[in-house]
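Engineer: Just need the structure, nothing else, for what follows:
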Amino acid sequence: MSDNAMGQSSTFRKWIPLITLTILGFTFNTTEYIPIGLLTDIGSDFGLSESQAGMIITVYAWVVMIASLPLMMLFAKMEFKKLLILIVGLFVLSHIASSVAIGFNSLMGSRIGVALCHAIFWSITPPLAVKIAPDGKKSLGLAMIIGATSTAMVVGLPLGRVIGLYVGWRVTFAVIGVLSTNRMRKHCHLWR
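Structural biologist: Next up is the predicted model:
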């Protein structure tokens, strides 16, 4: 392999943790928005109206709002890499639980688990993006994370709705969990 190719490989390798974090940001925000597109199906499955099913969105938002600061303070001294792996692990388990929920209350419980992960993730992600961005690219690292949020609304939500329409809302949650597991498993060894 030539020196130039090795240099390009090394440069790309430096971006992988930030790219992974950006994909996780997209995934975390997609899962926040996804119930909006699935409310009719969720309500129908559990014999609820859309407004009753919509409580999973309201409670999710309340949990994120109330839990963000206390959880950030509780985990402030934990190493970012370990905390991120812990968060993604709970995120995945909560999505699996959502996909097999036997009732609306169990779905609500699993969504609360996702909301707790969301609260911690977005408390640590902006500084982590700046920390792991390659030298001289700190602002770009932050911009990538912010771009993931917008992309989740215009790509993630419709994509999740399409999956829900064709194979069911439960599969949508399962897919999010599986993709998150795969992303972290493949790249967590590259974090600084």
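Engineer: what residues are up against the residue nearest the centre of the chain?
Structural biologist: By Cα atoms, centre = their mean, the chain has its centre lying nearest to Phe28, at 2.0 Å. Neighbouring residues of Phe28 by Cβ atoms under 8 Å, 6 or more residues apart in numbering: 91, 117-118, 121-122, 152. C-beta coordinates here come from the backbone N, C-alpha and C atoms, glycine included.
Engineer: I'd like the distance from the helix or strand where it lies to the chain centre, please.
Structural biologist: In the assignment (DSSP states H and E), Phe28 maps to helix 3-46. Its chain's average C-alpha position is 7 Å from that of helix 3-46, according to Cα atoms, centre = their mean, to the nearest Å.
Engineer: need the next SSE after it, C-terminal direction.
Structural biologist: Defined by DSSP H and E, the subsequent element after helix 3-46 is helix 50-53.
Engineer: now the helices: where do they sit in the chain?
Structural biologist: Taking DSSP state H to define them, one finds helices in the chain at 3-46, 50-53, 55-74, 80-99, 104-132, 138-151, 157-167, 169-187.
Engineer: I'd like those as a markdown table, with mean pLDDT appended.
Structural biologist: Listed next are the helices of the chain as a markdown table, based on pLDDT from 0 to 100:
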| stretch | mean pLDDT |
| --- | --- |
| helix 3-46 | 83 |
| helix 50-53 | 92 |
| helix 55-74 | 95 |
| helix 80-99 | 91 |
| helix 104-132 | 93 |
| helix 138-151 | 92 |
| helix 157-167 | 91 |
| helix 169-187 | 79 |
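Engineer: Start and end of stretch 148-160, how far apart?
Structural biologist: 15 Å (Cα to Cα, to the nearest Å).
Engineer: Now do the buried residues in it.
Structural biologist: Neighbour counts using 16 or more other Cβ atoms under 10 Å place 148-149, 151-152, 156-157, 159-160 of stretch 148-160 among the buried residues.
Engineer: Likewise for stretch 40-57?
Structural biologist: 41-43, 45-46, 53-54, 56-57.
Engineer: Is Phe26 in contact with Ile146, as I believe?
Structural biologist: No: applying Cβ atoms under 8 Å, one finds Phe26 not in contact with Ile146, separated by 11.2 Å.
Engineer: Show me which of the two is the more surrounded one.
Structural biologist: Phe26 (22 against 14; other Cβ atoms under 10 Å).
Engineer: Can you tell me the closest non-neighbouring residue to that one?
Structural biologist: Leaving out its chain neighbours, the residue that sits closest to Phe26 by Cβ to Cβ, 6 or more residues apart in numbering is Ala148, at 4.1 Å.
Engineer: so which of the contacts of Phe28 comes closest to Leu69?
Structural biologist: Trp122 (11.7 Å; Cβ to Cβ).
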